[in-house]
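1. Got a sequence here, can you model it:
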Amino acid sequence: MSNLPPGHPPVPHDPSNPLASLDANSCPYSAERQEAELNPSNNMPPPNQLPAPGQATPLSTEREKSTIPMGGKHEGNVWVYPSEQMFFNAMRRKNWTPQEDDMGVVVPIHNAVNERAWTQILEWESLHRT
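-> Here you go, the predicted model:
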C-alpha cells in the first residue's frame, strides 16, 4: 500500500484475511495522531474525557486504579484504567462502532482481564525466582 504514513510497516496483501481491505485511511496510526501531543512516558495521547460527536448517552468519566505497578521514573505508582468515556472514544478512534450502553459492561471486563493477567504473571514469576 503506497498510502501508508512514513515509517509504517508494510501490510501484506492477503485476500483471505478480512483485514486485507483496510487501507491507510482506516489505520489508527495517522498523521493527525502523530501531530497530537503525546505523553512521552507511554506514547499515548492525552486522556479524552469529552463526549464523542453524535454521542447520545453521557458516559462515566470515573477511572479505577489497577493493582499493576508502573516502573522506571513512575516507580511506586499504579496504572489507572480508562473511564467508560475514554474507552468509548478510543474505540471510535480505532473505527469501531461501540454502543454507549455497552460501556458499563465492557470496561469492567477489560479491567478484570488485565488484573487476571497481572496475577498470572506474578504467579509465573514466583515459580522462577532465583
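2. Could you verify that W118 is part of a helix?
-> Yes. The assignment for W118 by DSSP: H, G, I helix; E, B strand; the rest coil puts it in a helix.
3. so what's the residue lying closest to it once chain neighbours are set aside up against?
-> Once flanking residues are discounted, W118 sits nearest to I68: 4.9 Å by C-beta to C-beta, 6 or more residues apart in numbering. (Each C-beta comes from the backbone N, C-alpha and C, glycine too.) The contact partners of I68, taken as C-beta atoms under 8 Å, 6 or more residues apart in numbering, are 78-79, 114-115, 118.
4. Filter the residues you listed down to just the ones in strands.
-> Among those, DSSP state E puts 78-79 in strands.
5. what about the longest strand in the protein?
-> Per DSSP E, the chain has its longest strand at strand 65-69.
6. Please name the strands paired to it in the sheet, noting orientation.
-> strand 78-80 (antiparallel) (DSSP bridges).
7. contact partners of the partner strand?
-> 63-70.
8. Kindly write the ChimeraX command that selects the buried subset of those.
-> Buried members of the contacts of strand 78-80, defined by 16 or more other C-beta atoms under 10 Å, are picked up in ChimeraX with:
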select :63,68
